[in-house]
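Novice: Build me a model from this:
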Amino acid sequence: MADNLNNMTREDFMNFFRDDEKLSSLSADDRIEIFLQILPGNSDITEDLLKELISDYQVDNLKVCQVK
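Specialist: Down below sits the predicted model:
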């Protein structure tokens, strides 16, 4: 199994990610770990991205504000 993971291609990962049945096999902790590691750098975390995330997950008790 470890060899298969080492040989996973981008296409393999995206097929897994887009398959609801396979994706549901991940635990909440697995999903949080992926979420926290997936963006390449701090410049990818923007006000618009956070607002979209909050909206998509219908989180009503948070507000994003950018300090300038």
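
Novice: right, and the helix or strand after the helix-or-strand element of the chain with minimal mean pLDDT?
Specialist: One helix or strand of the chain scores below all others by mean pLDDT, DSSP states H and E: helix 2-6, with a mean of 60. Where DSSP states H and E defines the elements, the next helix or strand beyond helix 2-6 is helix 10-17.

Novice: Show me what the very next helix or strand once past that next one is packed up against.
Specialist: Using DSSP H and E, the helix or strand that follows helix 10-17 towards the C-terminus is helix 20-23. Using 3 or more Cβ pairs under 8 Å, 6 or more residues apart in numbering; DSSP states H and E, the elements in contact with helix 20-23 are helix 10-17. The way it works is simple: take the backbone N, C-alpha and C, and place the C-beta from them, glycine included.

Novice: just how off-centre is the helix it packs on within its chain?
Specialist: Counting by Cα atoms, centre = their mean, to the nearest Å, helix 10-17 is centred 13 Å from the centre of its parent chain.
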